[in-house]
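Engineer: Following is a predicted model, sequence given first.
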Amino acid sequence: MIRFENVHKTYKTGTDALRGVTFSIRDGEFVFVIGKSGSGKSTLMKCITREEKPTEGMVIIDKYCISKMPRALVPILRRQIGIIYQDFRLIETKTVKENIAFAGEIIGVPRKKLMQMVDIVLGAVGLRDKADSLPQELSGGEQQRVAIARAMLNSPKLIVADEPTGNLDPETSESIMALLSEINRTGTTVIVCTHDSNLVDRMKKRVIEVSEGLIVRDEKGSGYTAEEKHALPQSMIDEFVPEVVSLSEITGEAESLPEFPDEKKEEKLPPKKNEDSEFPDEKKEKKLPPKKNADPEFPDEKKEKKLPPKKNEDPDFPEEEDPDFPSEIKEDKDK
Ligand code: ADP
């Protein structure tokens with residue numbers, strides 16, 4: 001499901017954070033990425049969520065080379081991934097249930113159903129009684145549970161957690177890891193980056209160790225085999241998850257976008273007005289003429305042309321809004 005193929009990442013400062021990383025993660029695996037501070041763990045995780053782009057090599061999710069995906073499609077990719085951070089990234093002015101619901105609101109799930117979904121994920125993390133609390137009224141462990149519930153809302157196939165227990169005491173850390181392990185048992189692939197080796201040793205999962213930008217250990221664990229179950233009832237997923245454009249539909253989206261990222265070509269082009277952010281003005285891009293040749297990275301593009309128009313082309317679902325990213329949180333605070 002996830003494949004890193006000789007991934008290098010050199011930052012503008014000249015730091016070689018990743019120096020040729022190759023590995024695969026199958027659907028339903030639980031994997032720890034460990035290593036000392038500065039070894040390249042976060043860079044590796046950011047290459048999965050496309051917060052960073054490799055300077056060389058490929059990151060493939062399912063059959064899509066996400067490292068070469070146009071920036072305009074990155075929000076669609078991120079909706080397929082539940083992302084959990086060390087600092088929780090909850091919106092301070094919203095209650096627990098509003099924080100979680102936010103992830104569904106932006107994809108247009110009707111309010112009543114959304115609240116049912118929120119209730120289910122809150123139940124899964126054991127926080128139903130805190131639904132109306134504000135983040136500052138919760139302990140660190142509870143806040144991280146809210147962040148996990150938020151990550152679960154769209155029933156992602158993949159959860160990526162970057163040092164999720166970095167701000168928590170050992171006991172709470174253990175319970176957060178147990179929760180992530182439970183989610184993994186429902187069939188979700190979970191990748192956790194941590195420097196807490198005691199915890200990792202106890203969990204008996206696969207461990208990928210990074211040192212100075214290289215993989216120095218890849219040890220299979222003796223954990224559970226995931227079952228094909230999801231946190232939300234299948235009927236609810238069937239009814240509402242189509243609102244969340246699946247990765248397989250990315251090629252359909254790509255069709256309405258003219259530019260596929262031939263990297264070299266991109267370098268030669270003058271900068272576009274709205275391209276200074278990770279989320280360019282998509283409406284503008286859609287007005288450009290359709291691209292003639294299918295990109296080899298997205299081999300099913302022609303097939304996907306038969307699909308009906310995507311729901312996320314609706315102007316009511318602005319692509320730029322993504323609750324996992326700090327820009328929205330900032331915006332919200334500014335209100
Ligand atoms: P870890 O998560 O293991 O602590 P990182 O992936 O954050 O490691 O960092 C790996 C190396 O890349 C470090 O030397 C770090 O200083 C450097 N680095 C990380 N992010 C950036 C950045 N945005 N710009 C420049 N250097 C960076």
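Structural biologist: Structure received. Residues are numbered from 1 along each chain as shown.
Engineer: From V33, how far off is E5?
Structural biologist: Distance of E5 to V33, given as CB to CB, to the nearest Å: 17 Å. From N, CA and C alone the C-beta is placed, and that goes for glycine too.
Engineer: These two: which is more packed in?
Structural biologist: V33 (27 against 17; other CB atoms under 10 Å).
Engineer: pretty sure the more buried one is in a helix, no?
Structural biologist: No - under DSSP: H, G, I helix; E, B strand; the rest coil, V33 falls outside any helix and is assigned strand.
Engineer: what's the pLDDT at the nearest residue to it once chain neighbours are set aside?
Structural biologist: Leaving out its chain neighbours, the residue that sits closest to V33 by CB to CB, 6 or more residues apart in numbering is C193, at 4.4 Å. With respect to pLDDT, C193 has a value of 96.
Engineer: C193: what secondary structure?
Structural biologist: strand.
Engineer: Need the CA coordinates for the lengthiest helix in the chain. CSV is fine.
Structural biologist: Using DSSP state H to define each element, the chain has its longest helix at helix 170-185. Provided in CSV are the C-alpha atoms of helix 170-185 (Å, rounded to 0.1, in the frame of the first residue of the first chain):
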residue,chain,number,x,y,z
PRO,A,170,4.3,7.3,30.3
GLU,A,171,1.0,5.9,31.5
THR,A,172,-1.1,8.1,29.3
SER,A,173,1.3,7.3,26.4
GLU,A,174,0.7,3.7,26.9
SER,A,175,-3.1,4.2,26.7
ILE,A,176,-2.8,6.3,23.5
MET,A,177,-0.6,3.6,21.9
ALA,A,178,-3.2,1.0,23.0
LEU,A,179,-5.9,3.0,21.3
LEU,A,180,-3.9,3.3,18.1
SER,A,181,-3.4,-0.4,18.2
GLU,A,182,-7.2,-1.0,18.6
ILE,A,183,-7.8,1.2,15.6
ASN,A,184,-5.3,-0.9,13.7
ARG,A,185,-7.2,-4.0,14.6
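Engineer: before we move on, back to that, next one: the residue nearest to V33 relative to the ligand, how far apart?
Structural biologist: 7 Å (CB to the nearest ligand atom, to the nearest Å).
Engineer: Counting by contacts, list what the longest helix of the chain packs against.
Structural biologist: Under the contact criterion of 3 or more CB pairs under 8 Å, 6 or more residues apart in numbering; DSSP states H and E, helix 170-185 touches strand 30-34, helix 140-152, strand 158-162, strand 189-194, helix 197-203.
Engineer: relative to strand 158-162, how tilted is that helix?
Structural biologist: Going by axes from the mean of the first three to the mean of the last three CA atoms, to 10 degrees, helix 170-185 is angled at 160 degrees with respect to strand 158-162.
Engineer: Enumerate the positions of helix 170-185 that are buried.
Structural biologist: For helix 170-185, a neighbour-count test (16 or more other CB atoms under 10 Å) marks 172-174, 176-177, 179-181, 183-185 as buried.
Engineer: what's it in contact with?
Structural biologist: Outside helix 170-185, the residues within contact range by CB atoms under 8 Å, 6 or more residues apart in numbering are 28-30, 124-125, 139-141, 144-145, 148, 152, 159, 161, 164-165, 168, 190, 192, 196, 198-199, 202-203, 205, 223-224, 226-227, 229, 231.
Engineer: what mean pLDDT would you report for that helix?
Structural biologist: Helix 170-185 carries an average pLDDT of 93.
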